[in-house]
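**Q** I would like the atomic coordinates for the input below:
(chains A and B)
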There are 2 protein chains.
Amino acid sequence: VRAAGNGSTLGAGADDVAVVRSNGKNLVVKVDMLVERTDVPPGMTYRQAARKAVASCVSDFAAKGVRPRAFLVSLGLRRGTSQAQVEELGRGFRDAESEWKVKMVGGDTNEAGELVIDCAMVGFADRFVRRSGGRPGEALVVTGRFGYQPAGLKILMEGAKGDRAFSARAKDSVLNPGPDLRVGLALAGYLSSGMDSSDGLARSLHTLAGEGKLGFEVTALPLGEGVKKFAQANGASPEELVLEGGEEYVIVGTMPRDKLRAAKKAVRRVGGEVIVIGRATAEAGRVELRSGGRTRPIEDRGWTHLA
Amino acid sequence: VRAAGNGSTLGAGADDVAVVRSNGKNLVVKVDMLVERTDVPPGMTYRQAARKAVASCVSDFAAKGVRPRAFLVSLGLRRGTSQAQVEELGRGFRDAESEWKVKMVGGDTNEAGELVIDCAMVGFADRFVRRSGGRPGEALVVTGRFGYQPAGLKILMEGAKGDRAFSARAKDSVLNPGPDLRVGLALAGYLSSGMDSSDGLARSLHTLAGEGKLGFEVTALPLGEGVKKFAQANGASPEELVLEGGEEYVIVGTMPRDKLRAAKKAVRRVGGEVIVIGRATAEAGRVELRSGGRTRPIEDRGWTHLA
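**A** Just a heads-up that it's a prediction; the model follows:
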């Protein structure tokens, strides 16, 4: 699910989704492969893995502001996968169907050495949010707070400890990851550019800066509640947890300042929030954190895989 | 690529492709996963594997009579896959693009324990050939001869021997498998039902019989040239090679007899052939071979995987 690379390696398009024109309409298509060894942490059930495979596609549709219409799944199953496990996967796909109101319309099942779930999602759109289009001076916004996901992985994989409520939330962010499609659809009309944070906040900022020929100055890290305390208790850096996670499925984008108020209202109406974390600058490719009077670069780093 | 199951296991549709309606048009979508252990025989290059992954989707579009517009690929790559191998895959996708005039518009790259290539293909159609719709008395037709593919696998995997020309053709049928999209598009308007033979002729006949509530009486096995001789030299059954292969990517369908002449002419014009191998009957689910005055059942069997 996390990008070990992307379609452009092979000469394909560079946005989060592919677009095919037909009769003046845009067909939007996205594929995303979940592979057990890198995308299924200890503690994640088959049902959760199936839902997650769909979630990663929904997240891109949400960030692009496009309502998904249908999805298909190709499965690679270990030899000896039980009927109960196949049913678990089916339940996960049902969860996704009802959560995001999108229908599974087909698939393909194969034998493989480990669980592989490739989700292909389609939708139609007159317009969609691109990675480019932001302008210097615009607000840099996100739709959620960061740090829960890498904290959850540390808990699940390294035995890190947090207080009960924080641990539950952090683990849940890994096992039942986000995307809020309603937030994406409500926000899209206000964004000048955007993408989801599936490869972590720092990497998303660098990608958005590169594609938009912008720089970003982050003035307020969107620190999740309890992340600082968890970091201190586990010898981790809160900034790193916020910047170098991944699969938060939060939207990161730019927006003209005069649209902020209406955007916040529209997103609040569907239960979400728009958080301003900084601004876009004209210094293409430069991504910086300004904090306590000091400015330092934000590195283009993210957790690329489960260890 | 061969079906170890299909989408219907998970409650999805039962035809070879999925259809999503939009503005009175049909969006046709197909996903097909190639997994190294079951779909990449010894002797197949990465370039050929990439082309094959696309071929299996093109084959379904050809059988449904739908021109594909675009495809996306999700890749699972072994750790340590070289840049040269990635470029090989890229060349195979380029081969597919130019052979079938279809564009690769996106993808996703991941680490996996073996090579996995999932192809998702989209196209638009007013109508398409379904698995059901055939009627008793109609002609049973195929668009190619059978036996090369299982012979090629026996040569590549078991060291079976054939004369030089036959061996080359048989191996080629495995390494650079078929589908002739022009034949499919030329034929579609004449078929009452149809599908591709990706799971072998016998299994395709049973599937088509089941979905169409028909029986089939095969009176002339579509034996490939040299298949009988190869079978005799290698202690194999020619009938088994013809019936229980797979991935021939030939179209199997039914057609009213009064359309045969026009269909043959239309398909000949694009360099293909329509071969009548028997007829549809009213005996739902009964698939038989009538040969030399004897009638015997054709079992619902196919090679499901590379051994």
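**Q** let me know the secondary structure of the residue in the stretch 151-300 of chain A positioned nearest to chain B.
**A** Residue nearest to chain B within the stretch 151-300 of chain A (C-beta to the nearest C-beta): residue A:198, separated by 10.6 Å. From N, CA and C alone the C-beta is placed, and that goes for glycine too. Following DSSP: H, G, I helix; E, B strand; the rest coil, the label given to residue A:198 is coil.
**Q** hmm, residue A:62 and it touching each other?
**A** No - assessed by C-beta atoms under 8 Å, residue A:198 is found out of contact with residue A:62, at 11.1 Å.
**Q** show me where chain A has its helices.
**A** A:36-39, A:46-64, A:83-100, A:148-158, A:164-175, A:181-187, A:201-212, A:227-233, A:238-243, A:260-269 (DSSP state H).
**Q** in CSV: the ones you listed, plus mean neighbour count, distance to residue B:37 and mean pLDDT.
**A** Below are the helices of chain A laid out as CSV (neighbours: other C-beta atoms under 10 Å in any protein chain shown; distance: least, C-beta to C-beta, whole Å; pLDDT from 0 to 100):
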stretch, mean neighbour count, distance to residue B:37, mean pLDDT
helix A:36-39, 20, 15, 94
helix A:46-64, 26, 21, 97
helix A:83-100, 17, 19, 97
helix A:148-158, 23, 28, 96
helix A:164-175, 18, 29, 97
helix A:181-187, 23, 36, 98
helix A:201-212, 23, 33, 96
helix A:227-233, 18, 41, 97
helix A:238-243, 22, 38, 96
helix A:260-269, 16, 46, 98
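**Q** any chance of CSV for those helices, columns distance to residue B:22?
**A** Shown next, in CSV, are the helices of chain A (distance: least, C-beta to C-beta, whole Å):
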stretch, distance to residue B:22
helix A:36-39, 31
helix A:46-64, 15
helix A:83-100, 18
helix A:148-158, 35
helix A:164-175, 34
helix A:181-187, 18
helix A:201-212, 28
helix A:227-233, 43
helix A:238-243, 40
helix A:260-269, 26
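**Q** so which of those gets nearest residue B:53?
**A** helix A:46-64 (18.9 Å; C-beta to C-beta).
**Q** the closest one near chain B at all?
**A** No - contact of helix A:46-64 with chain B (C-beta under 8 Å from any C-beta of the partner chain) is absent, the minimum separation being 9.1 Å.
**Q** circling back: closest to residue B:213 out of the helices of chain A?
**A** Nearest of the helices of chain A (C-beta to C-beta): helix A:83-100, 27.1 Å.
**Q** quick revisit: give me the common contacts of residue A:198 and residue A:62.
**A** residue A:249 (C-beta atoms under 8 Å, 6 or more residues apart in numbering or on different chains).
**Q** quick check: pLDDT value at the residue of chain A positioned farthest from its centre.
**A** Here the centre of chain A is the reference, and by C-alpha atoms, centre = their mean the most remote residue is residue A:80, at 32.3 Å. The confidence metric pLDDT takes the value 94 at residue A:80.
**Q** go on, residue A:21?
**A** Note for residue A:21: predicted pLDDT of 87.
**Q** repeat for the one 3 residues further on
**A** Predicted confidence (pLDDT) at residue A:24: the value is 75.
**Q** kindly provide the distance from it to residue B:16.
**A** Using C-beta to C-beta, to the nearest Å, residue A:24 is found at 29 Å from residue B:16.
**Q** pick out whichever of the two has more residues nearby.
**A** residue B:16 (27 against 7; other C-beta atoms under 10 Å in any protein chain shown).
**Q** now that one: closest residue in space that isn't a chain neighbour?
**A** residue B:60 (4.4 Å; C-beta to C-beta, 6 or more residues apart in numbering or on different chains).
**Q** need the contact list for the one you found.
**A** Contacts of residue B:60 by C-beta under 8 Å, 6+ apart are B:16, B:17, B:30, B:32, B:195, B:196, B:198.
**Q** any idea how far the fifth one lies from residue B:264?
**A** Meaning residue B:195. Residue B:195 is 20 Å from residue B:264, by C-beta to C-beta.
**Q** contacts only, for residue A:193.
**A** Taking C-beta under 8 Å, 6+ apart as the test, what residue A:193 contacts is A:129, A:130, A:131, A:132, A:133, A:134, A:208, A:211, A:212, A:253, A:254.
**Q** can you flag the buried ones in those?
**A** Listed as buried from the contacts of residue A:193 are A:129, A:130, A:131, A:133, A:134, A:208, A:211, A:212, A:253, A:254; burial here means 16 or more other C-beta atoms under 10 Å in any protein chain shown.
**Q** format those as a markdown table; extra columns: distance to residue B:239.
**A** Output for the buried ones among the contacts of residue A:193, formatted as a markdown table (distance: C-beta to C-beta, whole Å):
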| residue | distance to residue B:239 |
| --- | --- |
| A:129 | 58 |
| A:130 | 57 |
| A:131 | 57 |
| A:133 | 62 |
| A:134 | 65 |
| A:208 | 61 |
| A:211 | 58 |
| A:212 | 63 |
| A:253 | 62 |
| A:254 | 66 |
